[in-house]
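**Q** Please find the sequence and the predicted model below.
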Amino acid sequence: MKFTCNKEELNNAINTVSKAVSSRTTMPILECVLITAEDGKISLTGNDLEIGINSAPIESETEENGKAAIEARLFSEIIRKLNGNEVTIDTSDGKTAKINCAMSEFNIMTSDAADFPAIADVEKNNGYTIKQCELKRMINETIFSVADDETKPVLTGELLEIKSKCAEIVAVDGFRISYRKTDIDEQPGDAKVIVPAKAMREISRILSDDEESTAEIYITDKHILFSINENIIVSRLIEGDYIKYDQTFTNEYKTKISVNCDDFISALERATLISRDNKKMPVKLEISGGKIVLTAQTEIGKAYEEVECSSEGENLKIAFNPRFLIEALRACEDESVCIQFNGALSPCIIKPENGDCFKYLVLPLRM
């Protein structure tokens, strides 16, 4: 294999596929990226057996077609630090890759491309289309609620549900629920799958903020494929039944408030300053008389904050892990939100004041 291509385009492709390169493995080939040169174009592939990424093709001057597997971290560092516009890579001897750029030359060992695992084949039939910016937003505004507990595999992923004219993403960790929804164009049918959190995080990093760009999604029984700006990302799916989260959201409440997000977040962050390393130290909320009084107490001292709100229903004293509230509120793009309570031992529900594009549920702590 021998080709010449633009250095920046190659560097961007390496950064994209490196998201699927394994950092801890007993299989050295999974620490590599696969380079394929064919008919004036090259593409790169990373595959850690859970998620595989194939980069968008790069135009090149190809003297010899072929494939080579190169250790990803070293290859990335070399290409990133080269001083020049064009890179030539030659693996003709079958054992090393000669990398030339301007006045620099490197010779690094390669691995057998035949040992590199192929990305799972997903047929592109009956695909779903969604705006990239909307998918990115939904992932980023729910992913923090995915569980780390491997004993409950279905909760280590996000539920992606596509209906005729809307898409929903849900994350649950046993203490909170994050739900996001967006309207989409008419789709060919319904789909409901659980996508591993790692795949969703990496997909979010590849997705564009452009309002016009779209992503295509294809689903089989065991895999999901995302086509994003000619980059192909394939992930395994998590098998099992997701919890019936929708049953936990209710429109009934005993106490309801409307509060400015930024003001509430700032007060919560200040109240947690005395917690130091104890991230689970509760913040107590007392809702009455059109205000929220926040208090926190540790061996270091006490914190007291007040936030104005509009309220209806019963006065209430309740305590939360402040991080859970802060993460949910930060994900709300609205200036103000509505928060519903059903007593000191029942979860609160955070909703928009108008519409239904998001819902967050957070369990309280016992005082």
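**A** That came through fine.
**Q** CA atoms for contacts and neighbours, from now on please.
**A** Fine.
**Q** my guess is residue 122 contacts residue 221, does it?
**A** No. Using C-alpha atoms under 8 Å as the test, residue 122 is too far from residue 221 to be in contact (9.8 Å).
**Q** more crowded one of those two?
**A** residue 122 (16 against 10; other C-alpha atoms under 10 Å).
**Q** Might you report the residue contacts of the more buried one?
**A** 218-220, 223-225, 234 (C-alpha atoms under 8 Å, 6 or more residues apart in numbering).
**Q** mind listing what residue 155 touches?
**A** By C-alpha under 8 Å, 6+ apart, residue 155 lies in contact with 146-149, 171-173, 242.
**Q** Buried ones only from these, please, as a ChimeraX command.
**A** Burial among the contacts of residue 155 is assessed by 16 or more other C-alpha atoms under 10 Å; the matching ChimeraX selection reads:
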select :146,147,171,172,173,242
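**Q** From the contacts of residue 155, which one has the minimum pLDDT?
**A** Among these, residue 149 has the lowest pLDDT, at 84.
**Q** From residue 97, how far out is the nearest residue to that residue once chain neighbours are set aside?
**A** Here the nearest residue to residue 149 in space, its sequence neighbours aside, is residue 156; by C-alpha to C-alpha, 6 or more residues apart in numbering that works out to 7.0 Å. Counting by C-alpha to C-alpha, to the nearest Å, the gap from residue 156 to residue 97 is 39 Å.
**Q** gap between stretch 219-234 and the chain center?
**A** With C-alpha atoms, centre = their mean, to the nearest Å as the basis, stretch 219-234 stands 15 Å off its chain's centre.
**Q** pLDDT weak spots in the protein?
**A** Along the chain, segments meeting pLDDT under 70 span 276-279.
**Q** any chance you could map the helices in it?
**A** 7-17, 72-81, 132-140, 197-206, 261-271, 322-330 (DSSP state H).
**Q** of all those, which lies closest to residue 358?
**A** Closest approach to residue 358 among the helices of the chain is made by helix 132-140 (9.2 Å; C-alpha to C-alpha).
**Q** Output that closest one in PDB, but only the C-alpha positions, please.
**A** This file holds the C-alpha atoms of helix 132-140, laid out as PDB (Å, rounded to 0.1, in the frame of the first residue of the first chain):
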ATOM      1  CA  GLN A 132     -27.800  15.700  13.800                       C
ATOM      2  CA  CYS A 133     -28.100  18.700  16.100                       C
ATOM      3  CA  GLU A 134     -31.300  17.300  17.700                       C
ATOM      4  CA  LEU A 135     -29.800  13.800  18.200                       C
ATOM      5  CA  LYS A 136     -26.700  15.300  19.700                       C
ATOM      6  CA  ARG A 137     -28.800  17.500  22.000                       C
ATOM      7  CA  MET A 138     -31.000  14.600  23.200                       C
ATOM      8  CA  ILE A 139     -27.900  12.400  24.000                       C
ATOM      9  CA  ASN A 140     -26.100  15.100  25.800                       C
END
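**Q** contacts for that helix?
**A** Residues contacting helix 132-140 (C-alpha under 8 Å, 6+ apart): 169, 180-182, 200-201, 203-204, 207-215, 228, 331.
**Q** quick revisit: would a markdown table of the contacts of residue 155 with distance to residue 342 be doable?
**A** Shown next, in a markdown table, are the contacts of residue 155 (distance: C-alpha to C-alpha, whole Å):
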| residue | distance to residue 342 |
| --- | --- |
| 146 | 24 |
| 147 | 25 |
| 148 | 28 |
| 149 | 28 |
| 171 | 22 |
| 172 | 20 |
| 173 | 21 |
| 242 | 25 |
